[in-house]
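**Q** Next comes the sequence, and after it the predicted model I'd like to discuss.
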Amino acid sequence: MTDSKYFTTTKKGEIFELKAELNSDKKEKKKEAVKKVIASMTVGKDVSALFPDVVNCMQTDNLELKKLVYLYLMNYAKSQPDMAIMAVNTFVKDCEDPNPLIRALAVRTMGCIRVDKITEYLCEPLRKCLKDEDPYVRKTAAVCVAKLHDINAQLVEDQGFLDTLKDLISDSNPMVVANAVAALSEIAESHPSSNLLDLNPQSINKLLTALNECTEWGQIFILDCLADYAPKDDREAQSICERVTPRLSHANSAVVLSAVKVLMKFMEMLSKDLDYYSTLLKKLAPPLVTLLSAEPELQYVALRNINLIVQKRPEILKHEMKVFFVKYNDPIYVKLEKLDIMIRLASQANIAQVLAELKEYATEVDVDFVRKAVRAIGRCAIKVEQSAERCVSTLLDLIQTKVSYVVQEAVVVIKDIFRKYPNKYESVIATLCENLDSLDEPEARAAMTWIVGEYAERIDNADELLEGFLEGFHDESTQVQLQLLTAIVKLFLKKPTETQGLVQQVLSLATQDSDNPDLRDRGYIYWRLLSTDPVAAKEVVLAEKPLISEETDLIEPTLLDELICYIGTLASVYHKPPSAFVEGGRGVVLKSLPPRTASSESTESPETTPAGVPTGEQPDAIPAQGDLLGDLLNLDLGPPASGPPLPASSVQMAAVDLLGGGLDSLMGDEPEGIGGPNFAAPPAAAAPANVGAAMGSGLSDLFDLTSGVGTLSGSYVAPKAVWLPAMKAKGLEISGTFTRQVGSISMDLQLTNKALQVMTDFAIQFNRNSFGLAPAAPLQIHAPLSPNQTVEISLPLSTVGSVMKMEPLNNLQVAVKNNIDVFYFSTLYPLHILFVEDGKMDRQMFLATWKDIPSENEAQFQIRDCPLSADAASGRLQSSNIFTVARRNVEGQDMLYQSLKLTNGIWVLAELRVQPGNPSFTLSLKCRAPEVSRHVYQAYETILKN
């Protein structure tokens with residue numbers, strides 16, 4: 001008979017009977033009684049009254065009975081701590097039992113009894129078990145240390161258990177190694193700052209050796225530990241990858257995903273030119289495909305992880321499109337995930353296959369799936385330009401089915417296609433207008449309203465269509481109301497005579513009859529624009545739209561890198577970092593991919609830093625084309641609005657005082673606005689040669705104007721560096737540098753055509769940047785650029801463009817357009833091009849300002865290997881508009897006190913200490929905007945060393 005009989009009894013007075021049985025002399029009766037006690041405990045009865053009697057049963061050689069008693073102890077020790085101490089002696093005795101199973105059982109149970117009083121008694125037995133001759137006991141003791149650390153961390157550290165645990169990583173038995181790694185990882189999670197897993201090449205080698213021989217869960221612990229290791233170079237990364245690759249063929253999917261995580265992290269350090277890199281890409285595909293033959297729940301987890309992998313490295317699965325085709329019996333959650341990955345893998349090579357599948361899916365019965373399939377067709381059109389026409393005709397076929405939800409989704413995606421390809425597919429508008437009455441969902445109605453407003457001049461009865469929407473204005477959702485308001489204003493600007501009544505009606509509804517603040521605000525803005533300046537209204541409302549990006553739902557790159565580090569965990573299924581769903585934040589450590597090594601950097605990131613700029617901080621990478629479009633430029637790449645280049649010193653102070661603390665904060669007697677955000681730029685023609693003269697009485701003596709103007713030779717110019725390599729720009733190579741000559745900043749460019757076709761129609765635009773740098777004239781290339789031809793251009797720059805603080809501060813993001821495409825790159829400009837010619841401060845003013853700026857704003861730097869005298873250094877710096885205000889000699893050291901001013905009015909004061917015969921200078925900088933100091937130091941270093 002099975003043990004189920006113990007759960008069927010419901011007798012009264014049972015506790016008394018059990019007590020008698022537990023004290024019986026017969027071993028079998030005693031065992032039966034303990035089984036009954038455990039059964040009662042399992043179904044929720046309180047049998048704690050039997051604690052002393054059960055503990056007495058511990059003194060036995062019978063392993064089964066001992067396990068049952070230990071189970072009871074674990075459950076009731078917390079509620080009966082005083083009585084639990086009775087069991088300590090037995091534990092200590094069992095830890096020295098000749099049977100390793102009993103020794104391990106004792107140490108395991110000790111770790112599970114979470115009672116402080118008992119904990120201190122367990123240290124000695126645990127220490128012995130950690131050094132036990134039997135590996136089974138050692139591996140159990142390793143896990144016990146982690147449990148004990150959770151109860152009393154200080155005790156574990158004082159007793160030296162952590163060091164013993166670290167020693168176990170070098171154990172000869174792979175299972176002991178795996179458990180030691182698991183225990184240390186567990187402890188390290190609760191103490192992120194402690195460097196418990198101090199991994200080095202030797203310990204990594206031991207872990208990799210143990211990896212081949214331990215159980216699947218042991219392998220997972222070791223692989224997760226390897227993923228947190230940072231190899232010292234690409235050779236070590238490759239070596240680890242080679243030894244981890246065999247785990248990809250493991251039967252356990254958790255082992256496979258852990259191995260994928262390690263490889264994805266370390267591939268970051270490998271050069272794409274390596275043969276091994278391409279081999280690794282090929283090896284990663286089959287195990288991921290195999291995961292999709294498991295049961296649906298596992299498939300879903302695999303697909304969520306594959307989704308991240310495809311976003312990071314689409315080349316891994318680019319030839320495996322067919323495995324993501326949906327099967328008829330897939331659950332909906334698997335279908336939707338597969339659909340998402342299909343779009344990510346869609347390319348010109350497989351688009352025909354994908355479209356045929358998607359059209360099939362759009363006739364399914366599952367509404368959610370059909371909607372997603374229709375939307376996927378639109379995403380294909382936006383992603384693969386060559387397929388746009390086929391996608392549009394497919395969508396038109398689907399609209400003809402007249403199925404309500406299909407039509408509504410089709411309208412939404414066609415709106416996006418119009419945004420991506422303006423003036424190409426507008427012939428379908430008539431078909432869309434025929435289905436206007438069937439639209440009842442807010443998103444579809446809003447999309448249709450946008451289409452009618454945007455193309456009002458092509459739709460004869462646009463006013464009637466929008467009037468139809470207006471009848472139930474208050475019943476519409478906010479999304480539709482906002483869209484309707486904008487559409488009617490667009491219509492009015494295109495057909496003012498016919499629609500005056502309609503626009504007045506909608507403005508009245510939006511402002512007077514609505515309680516939605518967004519709608520009211522937009523209504524008032526339009527009303528004021530139309531009543532005060534219809535020309536401006538036209539420029540605002542009918543402005544050219546930026547093209548939408550191909551992938552709007554991509555995970556942001558830094559988050560994606562973090563999630564790649566969590567492949568195979570819950571974070572990779574939620575697509576959220578653990579900090580977003582782990583309460584209390586315990587054990588959440590921010591992870592990131594390792595930085596690229598020098599060898600892979602050369603092939604991965606050819607954007608080089610301008611010479612003379614320290615390579616410590618590279619500009620942020622420019623996202624793929626499309627990601628930047630909304631922000632960087634509205635693709636309005638014609639000539640800029642500003643006129644001819646302005647003398648730098650005349651207008652620079654008009655730029656927004658980005659970092660605060662311009663000249664106005666240095667002096668109390670200055671006319672309000674100079675150097676601040678409210679200062680309006682004077683007309684270019686009226687601008688004096690230097691700002692100092694125009695500052696009015698009381699300020700003219702602040703600057704020693706005769707010596708304060710920079711020398712005509714101009715400041716230091718770095719040699720040209722390649723900013724945009726030909727391989728990234730379809731054959732166009734751009735090299736360049738920045739110069740400042742007599743108050744004018746320019747970008748000296750060298751454009752080389754390495755393609756096989758002629759290049760024409762060049763234009764350039766900058767993203768908003770920290771100091772408002774912008775082209776002051778169009779990019780003038782008068783003749784077409786033939787293959788293998790190089791042309792040099794000097795592009796004048798102004799500093800009156802839009803301002804946005806960049807990271808790093810001197811990062812400049814640039815877009816260049818020609819007849820082939822639009823290309824993006826980023827570069828760092830040396831800050832000395834922004835040092836203006838009137839940057840010499842009066843001595844008294846310098847002294848007062850130095851004292852006035854708080855001492856925490858002072859930064860000190862060392863300039864090494866600079867064998868210049870104080871005079872030579874001063875002369876060289878003056879040519880780049882860094883002026884020596886005063887000079888003195890203290891104990892044989894030359895002290896140069898210097899000032900400079902940036903184009904946005906920020907002053908920087910400097911003290912340069914030069915010891916004759918010593919090639920190291922000490923530079924102290926004070927500024928009200930301390931963010932600038934490091935970049936000013938870099939400028940000093942660049943000027944003095946070149």
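**A** Yep, that arrived.

**Q** what residue is smack in the middle of the protein?
**A** For the chain, the residue sitting closest to the mean C-alpha position, by CA atoms, centre = their mean, is residue 558 at 1.8 Å.

**Q** Tell me the buried residues in the helix or strand hosting that one?
**A** In the assignment (DSSP states H and E), residue 558 maps to helix 557-564. For helix 557-564, a neighbour-count test (16 or more other CB atoms under 10 Å) marks 561, 562, 563, 564 as buried. C-beta coordinates here come from the backbone N, C-alpha and C atoms, glycine included.

**Q** Which strands or helices does that helix pack on?
**A** With contacts defined as 3 or more CB pairs under 8 Å, 6 or more residues apart in numbering; DSSP states H and E, helix 557-564 has these neighbours: helix 253-267, helix 296-312.

**Q** Redo these as CSV? Include distance to residue 154 and mean pLDDT.
**A** Below are those laid out as CSV (distance: least, CB to CB, whole Å; pLDDT from 0 to 100):
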stretch, distance to residue 154, mean pLDDT
helix 253-267, 32, 91
helix 296-312, 39, 92
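
**Q** average model confidence for stretch 14-26?
**A** Averaged across stretch 14-26, pLDDT comes to 76.

**Q** ugh, typo on my part, it should be stretch 234-250
**A** Stretch 234-250 comes out at a mean pLDDT of 89.

**Q** of the buried residues of helix 557-564, closest to residue 229?
**A** residue 564 (15.2 Å; CB to CB).

**Q** Span of stretch 865-875 from start to end?
**A** With CA to CA, to the nearest Å as the measure, stretch 865-875 spans 18 Å from end to end.

**Q** List the buried residues for it?
**A** Those would be 866, 868, 870, 873, 874, for stretch 865-875 by 16+ other CB under 10 Å.

**Q** which residues does the nearest residue to the first one once chain neighbours are set aside contact?
**A** In this structure, residue 866 finds its nearest non-sequential neighbour in residue 944, 5.1 Å apart by CB to CB, 6 or more residues apart in numbering. With contact taken as CB atoms under 8 Å, 6 or more residues apart in numbering, residue 944 is in contact with 863, 866, 868, 873, 876, 877, 921.

**Q** Can you flag which of those belong to strands?
**A** Of these, the ones assigned to strands by DSSP state E are 863, 921.

**Q** Using a markdown table, lay out the contacts of residue 944 together with pLDDT and distance to residue 47.
**A** Output for the contacts of residue 944, formatted as a markdown table (pLDDT from 0 to 100; distance: CB to CB, whole Å):
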| residue | pLDDT | distance to residue 47 |
| --- | --- | --- |
| 863 | 88 | 79 |
| 866 | 84 | 83 |
| 868 | 84 | 88 |
| 873 | 88 | 88 |
| 876 | 88 | 89 |
| 877 | 90 | 87 |
| 921 | 88 | 81 |
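
**Q** so can I have JSON lines of the contacts of residue 944 showing distance to residue 754?
**A** As requested, these are exported to JSON lines (distance: CB to CB, whole Å):
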{"residue": "863", "distance to residue 754": "39"}
{"residue": "866", "distance to residue 754": "39"}
{"residue": "868", "distance to residue 754": "41"}
{"residue": "873", "distance to residue 754": "42"}
{"residue": "876", "distance to residue 754": "37"}
{"residue": "877", "distance to residue 754": "39"}
{"residue": "921", "distance to residue 754": "43"}
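
**Q** circling back: and which of the buried residues of stretch 865-875 is nearest to residue 40?
**A** residue 866 (84.6 Å).

**Q** The closest one and residue 921 touch, don't they?
**A** Yes - using CB atoms under 8 Å, residue 866 is in contact with residue 921, at 5.7 Å.

**Q** Give me the common contacts of these two.
**A** 873, 944.

**Q** what are the ranges of the strands in this structure?
**A** Under DSSP E, the chain gives strands at 721-724, 732-741, 744-753, 763-766, 774-775, 790-798, 811-817, 822-828, 858-863, 883-890, 893-901, 907-914, 921-927.

**Q** With distance to residue 87 and mean neighbour count as added columns, please give those in JSON lines.
**A** Formatted as JSON lines, the strands of the chain follow (distance: least, CB to CB, whole Å; neighbours: other CB atoms under 10 Å):
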{"stretch": "strand 721-724", "distance to residue 87": "74", "mean neighbour count": "20"}
{"stretch": "strand 732-741", "distance to residue 87": "78", "mean neighbour count": "21"}
{"stretch": "strand 744-753", "distance to residue 87": "80", "mean neighbour count": "20"}
{"stretch": "strand 763-766", "distance to residue 87": "75", "mean neighbour count": "21"}
{"stretch": "strand 774-775", "distance to residue 87": "79", "mean neighbour count": "22"}
{"stretch": "strand 790-798", "distance to residue 87": "81", "mean neighbour count": "18"}
{"stretch": "strand 811-817", "distance to residue 87": "66", "mean neighbour count": "21"}
{"stretch": "strand 822-828", "distance to residue 87": "67", "mean neighbour count": "22"}
{"stretch": "strand 858-863", "distance to residue 87": "64", "mean neighbour count": "15"}
{"stretch": "strand 883-890", "distance to residue 87": "77", "mean neighbour count": "15"}
{"stretch": "strand 893-901", "distance to residue 87": "76", "mean neighbour count": "22"}
{"stretch": "strand 907-914", "distance to residue 87": "73", "mean neighbour count": "22"}
{"stretch": "strand 921-927", "distance to residue 87": "69", "mean neighbour count": "20"}
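
**Q** I'd like the ones you listed as CSV, with distance to residue 541 appended.
**A** CSV is the format used below for these (distance: least, CB to CB, whole Å):
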stretch, distance to residue 541
strand 721-724, 35
strand 732-741, 35
strand 744-753, 34
strand 763-766, 22
strand 774-775, 25
strand 790-798, 28
strand 811-817, 25
strand 822-828, 25
strand 858-863, 48
strand 883-890, 50
strand 893-901, 41
strand 907-914, 42
strand 921-927, 43
